[in-house]
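In: pasting the structure only:
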């Protein structure tokens, strides 16, 4: 009886972590579209989210987890994914923050309308008109 409860609890916690990642992605998209003061944090937060997801997928490719088998395994593995992902992003391990920032700038400029600076901004990203 206890093992069944532990398994259900672990499954619930793992799905809540996935739901939280999804909500984080949706929140970042809203912040980026709003263009307010929160938008400056979007590249860093997106980098953390992507790094966490990459670590999670790589870890799942292992034949055995770091924490063995059991009810609490999903929780500990989720924490591990988050902490390694956060550290990778903080140290710019993926090197995508600059690209995200430039892309956001291009989208903001495009929303404002055509300008003389658009070709220069596009050339920075290697985008052709």
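Out: Cool, got the structure. On a predicted model such as this, the values are computed, not experimentally measured, just so you know.
In: from here on, just use CA atoms for contacts and neighbour counts.
Out: OK.
In: any idea of the pLDDT on the most centrally placed residue in the chain?
Out: When CA atoms, centre = their mean is applied to the chain, the residue found nearest the centroid is residue 49 (1.6 Å). At residue 49, the pLDDT value in this model is 88.
In: also residue 10?
Out: Note on residue 10: pLDDT of 52.
In: returning to what we had before: isn't the residue nearest to the centre of the chain right next to residue 23, touching?
Out: No: Residue 49 is not in contact with residue 23 according to CA atoms under 8 Å; the separation is 10.7 Å.
In: can you classify residue 69 by secondary structure?
Out: Applying DSSP: H, G, I helix; E, B strand; the rest coil to residue 69 yields a three-state assignment of coil.
In: who's in contact with it?
Out: Contacts for residue 69 (CA atoms under 8 Å, 6 or more residues apart in numbering) come out as none.
In: and it, how far is that from residue 75?
Out: Distance, residue 69 to residue 75, by CA to CA, to the nearest Å: 12 Å.
In: residue 112 now?
Out: Using CA to CA, one obtains 45 Å as the distance from residue 112 to residue 75.
In: which one of those two has more residues nearby?
Out: Looking at residue 112 and residue 75 with other CA atoms under 10 Å, you find the greater number of neighbours at residue 75, namely 18 against 9.
In: which SS state does the more buried one fall under?
Out: helix.
In: what about it, distance to residue 88?
Out: Summarising the geometry, the distance separating residue 75 from residue 88, computed by CA to CA, is 20 Å.
In: pull up the distance across stretch 89-108, start to finish.
Out: End-to-end distance of stretch 89-108: 24 Å, with CA to CA as the criterion.
In: circling back to that earlier point, which ones are touching the residue nearest to the centre of the chain?
Out: In this structure, residue 49 makes contact with 21, 24-25, 85-86, judged by CA under 8 Å, 6+ apart.
In: so which of those are in helices?
Out: 21, 24-25, 85-86 (DSSP state H).
In: secondary structure element holding the residue nearest to the centre of the chain?
Out: In this assignment (DSSP states H and E), residue 49 forms part of helix 42-60.
In: what's the answer for residue 82, then?
Out: helix 73-90.
In: list the buried residues in the helix or strand just after that helix.
Out: Toward the C-terminus, helix 73-90 is succeeded by helix 97-112 as the next helix or strand (DSSP H and E). Applying a neighbour-count criterion of 16 or more other CA atoms under 10 Å, the buried positions in helix 97-112 are 97, 100-104, 106.
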